[in-house]
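Participant: sequence unknown, structure follows:
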């Protein structure tokens, strides 16, 4: 578990994952909006929120 924790704690990895999540969420939200599939729109918004919360500014160090 320690290797995964240190890998995830690097800002470069977190920024890359956050970008992918936001991009996927934006695409899902756009498709949901254009096709009037409201469930897909909600999922897209949730994925964008997850991407925003996964950003490198959210790294918390143990003291």
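Facilitator: Nice, thanks for sending it over. In this text, all values refer to a predicted model and were calculated from it rather than measured experimentally.

Participant: what's the longest helix in the protein?
Facilitator: helix 11-34 (DSSP state H).

Participant: what angle separates the next helix-or-strand element following it from helix 11-34?
Facilitator: Downstream of helix 11-34, the first helix or strand assigned by DSSP states H and E is helix 38-53. Per axes from the mean of the first three to the mean of the last three C-alpha atoms, to 10 degrees, the angle that helix 38-53 makes with helix 11-34 is 160 degrees.

Participant: Check what pLDDT residue 59 gets.
Facilitator: Listed pLDDT for residue 59 reads 60.

Participant: what's the average pLDDT for the longest helix of the chain?
Facilitator: The predicted model assigns helix 11-34 a mean pLDDT of 91.

Participant: which parts of it are buried?
Facilitator: With burial defined by 16 or more other C-beta atoms under 10 Å, the residues of helix 11-34 counted as buried are 14, 17-18, 21-22, 24-25, 28-29, 32. For glycine as for every other residue, the C-beta is placed from the backbone atoms N, C-alpha and C.

Participant: With distance to residue 51 added, can I get those in JSON lines?
Facilitator: Conversion of the buried residues of helix 11-34 to JSON lines gives the following (distance: C-beta to C-beta, whole Å):
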{"residue": "14", "distance to residue 51": "10"}
{"residue": "17", "distance to residue 51": "8"}
{"residue": "18", "distance to residue 51": "5"}
{"residue": "21", "distance to residue 51": "3"}
{"residue": "22", "distance to residue 51": "4"}
{"residue": "24", "distance to residue 51": "8"}
{"residue": "25", "distance to residue 51": "6"}
{"residue": "28", "distance to residue 51": "11"}
{"residue": "29", "distance to residue 51": "12"}
{"residue": "32", "distance to residue 51": "16"}
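
Participant: which one of those residues is nearest residue 53?
Facilitator: Distance to residue 53 across the buried residues of helix 11-34 (C-beta to C-beta) is lowest for residue 18, with 8.3 Å.

Participant: do you know how far the closest one is from residue 57?
Facilitator: As for residue 18, its distance to residue 57 is 9 Å (criterion: C-beta to C-beta, to the nearest Å).
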